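Visitor: model this:
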Amino acid sequence: MTSSGSAAALLAAEPGPPAAVRALETLWRDLQLAIRSRVEAIQFATWFQRATLVHADEAVLRVGVQNEFTRDWLDRYYAEPLALAARETLGSARTIEVVVVPELALAGARRLTDESARGTRRADPGSSADGAGEPDAAASQESPPGTSAADGWRGLGLAAELGLNPKYTFDNFVVGPCNRFAHAAAMGAAEQPGRAYNPFFLHGSVGLGKTHLLQSMCFAILARNPKARILYLSCETFVNHFINALENGDIQEFRNKYRSVDVLVVDDIQVLANKERTQEEFFHTFNTLHQQGKQIVLSSDGPPKDIPTLQERLVSRFKWGLVTEMEPPCYETRMAILKRKSRERGRELPDDVAALLAERIESNIRELEGAVTRLLGFANVSGSPLTCDFARGVLRDLFTSRRQQPAMGDILALVTAHYDVKLSELQGKRRTAAIVLPRQVAMYLARKITRHSLEEIGAYFGGRDHSTVLYGIEKVENLRASDASMRELVDDFLAKLQVRAG
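Guide: Residues are numbered from 1 along each chain as shown. Just a heads-up that it's a prediction; the model follows:
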């Protein structure tokens, strides 16, 4: 560790830009060593492995992190370890400022890719080259025997653009009849990764807790094996990485990264729809990991067979292990969620208020959490008591009669029945007026009612690109504005879909 005198000398040297960067890197390594002695290894890897020092002077140390969540977490829970580490390293107190540097997430992912290709590690405190050289002495003393935080968290900490939420653990998951099987299956897969259920495929609508379960599995696997190499990311990230690898000629590095992990967790796998080249690459990645007995975890908004334009061989492989659904929460589960979320925010909802919310917000856990936050926020600001009348006033826009968001299947069924066309015709290549107009109307309704992107909507109609979908939507909007009969028809469709959702 750098002595306080030499650390102070680094600040006083007033070096030029390249030297300044090196001085900050050296000082940050010294600070990291001091921080490591004050926090658990897993805490250090989670919160400080990806951070960096972006500014240092005689009064202030400015630490850069990758997102606002990490910044707020460090400010709230690690202000004291940071201040003590600064005093120990520099010999005097400094004001610690934590700032967001979004580029850190992308830089971390690129660094991991480069290191995977070279088979080396960064020269961070406590890390050493795989199979070569001696481990850092400080790391050997400060980490549990046989455990290196950098080893266990490198794939998870540097490559997961989505990041992990410490609140998303099995202990914090509210279990009810609607999700009991999915919860138990996820725990089983985490207890025996690569053996119990492989792949583990979880599907369900938005806001039902899929991400919570996926991240809980990551935490549980790491609790049993801190050295597990876990890669947790969105399917969109996988697609973007693959495209970049093709453009830059780095496809081998891409494969080294994705095929050398112990656990691959991909959220929103339905994004693979209509991406033939990426599906081909994911197929081979899947095969490589599965043959090696590595755990594969996938999530989607629907079962494998319902992902449009997905290759049959991928559908078949996704069904090899266990496919399970997250269902909308029942009344008892909604009540339990409301009670727990309000307690976490320091003020438990009265039973009658919780019952009101549970009765009126039925389909989405995320909306339940948002309602709690909003209600308690208004109550704290206004000083009003938590009553049912107060809740009705604050949440009146949420208290609708809709029970669930209409799905693409509802839209397609309504349009095909009205126009007397087949679904295969809407998804086919024919461009006759009798087919094109119903197809465009269905695209318009999907854009208005669902949360699908233009590309996802196009995938439901034979893999049409986003520009075709956008053109169809604009065409219907223009017809609706100029043609009274079309306006009446579309409004009738929208009304029926809302009734169906109620």
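Visitor: Quick check: which ranges of the chain have low pLDDT?
Guide: Applying pLDDT under 70 to the chain picks out residues 1-21, 42, 68-69, 102-163, 363, 399-406, 498-502.
Visitor: What is whichever helix in it runs longest packed up against?
Guide: In the chain, with assignment by DSSP state H, the single longest helix is helix 17-36. With contacts defined as 3 or more C-beta pairs under 8 Å, 6 or more residues apart in numbering; DSSP states H and E, the packing partners of helix 17-36 are helix 4-12, helix 41-47, strand 52-56, helix 79-90, helix 137-142. For every residue, glycine as well, the C-beta is placed using N, CA and C.
Visitor: Centre of the chain to it, how far?
Guide: Relative to the chain's own centre, helix 17-36 is displaced by 31 Å; criterion: C-alpha atoms, centre = their mean, to the nearest Å.
Visitor: tell me the angle it makes with helix 79-90.
Guide: Here helix 17-36 runs at an angle of 120 degrees relative to helix 79-90 (axes from the mean of the first three to the mean of the last three C-alpha atoms, to 10 degrees).
Visitor: What residues sit buried inside helix 17-36?
Guide: By 16 or more other C-beta atoms under 10 Å, the buried positions in helix 17-36 come out as Ala23, Leu24, Leu27, Trp28, Arg29, Asp30, Leu31, Gln32, Leu33, Ala34, Ile35, Arg36.
Visitor: roughly how far apart are Ile300 and Phe201?
Guide: Careful, residue 300 is Ser and not Ile. 7 Å (C-beta to C-beta, to the nearest Å).
Visitor: neighbour-wise, which of these two wins?
Guide: Between Ser300 and Phe201, counted using other C-beta atoms under 10 Å, Ser300 has the larger neighbour count: 25 against 22.
Visitor: what bridges to that one?
Guide: Taking DSSP bridges as the rule, Ser300 bridges to His203.
Visitor: right, and the helix or strand after the helix or strand where Thr237 lies?
Guide: In this assignment (DSSP states H and E), Thr237 forms part of helix 235-248. Downstream of helix 235-248, the first helix or strand assigned by DSSP H and E is helix 251-258.
Visitor: Remind me what that following helix packs against, helices and strands.
Guide: Using 3+ C-beta pairs under 8 Å, 6+ apart: helix 251-258 touches helix 103-118, helix 235-248.
Visitor: Taking helix 235-248 as reference, get the angle to it.
Guide: Helix 251-258 and helix 235-248 are oriented at 150 degrees to each other (the same axes, to 10 degrees).
Visitor: Buried residues, helix 251-258. List them.
Guide: Buried residues in helix 251-258, counted by 16+ other C-beta under 10 Å: Glu253, Phe254, Arg255, Asn256, Lys257, Tyr258.
Visitor: so how far is Ala355 from the third one?
Guide: Think Arg255. Counting by C-beta to C-beta, the gap from Arg255 to Ala355 is 53 Å.
Visitor: Now for Ala459, how many residues are close by?
Guide: 26.
Visitor: my read: it touches Pro308, true?
Guide: Yes - using C-beta atoms under 8 Å, Ala459 is in contact with Pro308, at 4.4 Å.
Visitor: any shared contact partners between those two?
Guide: Counting by C-beta atoms under 8 Å, 6 or more residues apart in numbering, the residues touching both Ala459 and Pro308 are Ala273, Asn274.
Visitor: Now do the strands in the protein.
Guide: 52-56, 60-65, 95-100, 200-204, 230-234, 263-267, 295-300, 322-326 (DSSP state E).
Visitor: What residues sit buried inside the third one?
Guide: Looking back up the chat, that one is strand 95-100. Ile96, Val98.
Visitor: Fine, thanks again, bye for now.
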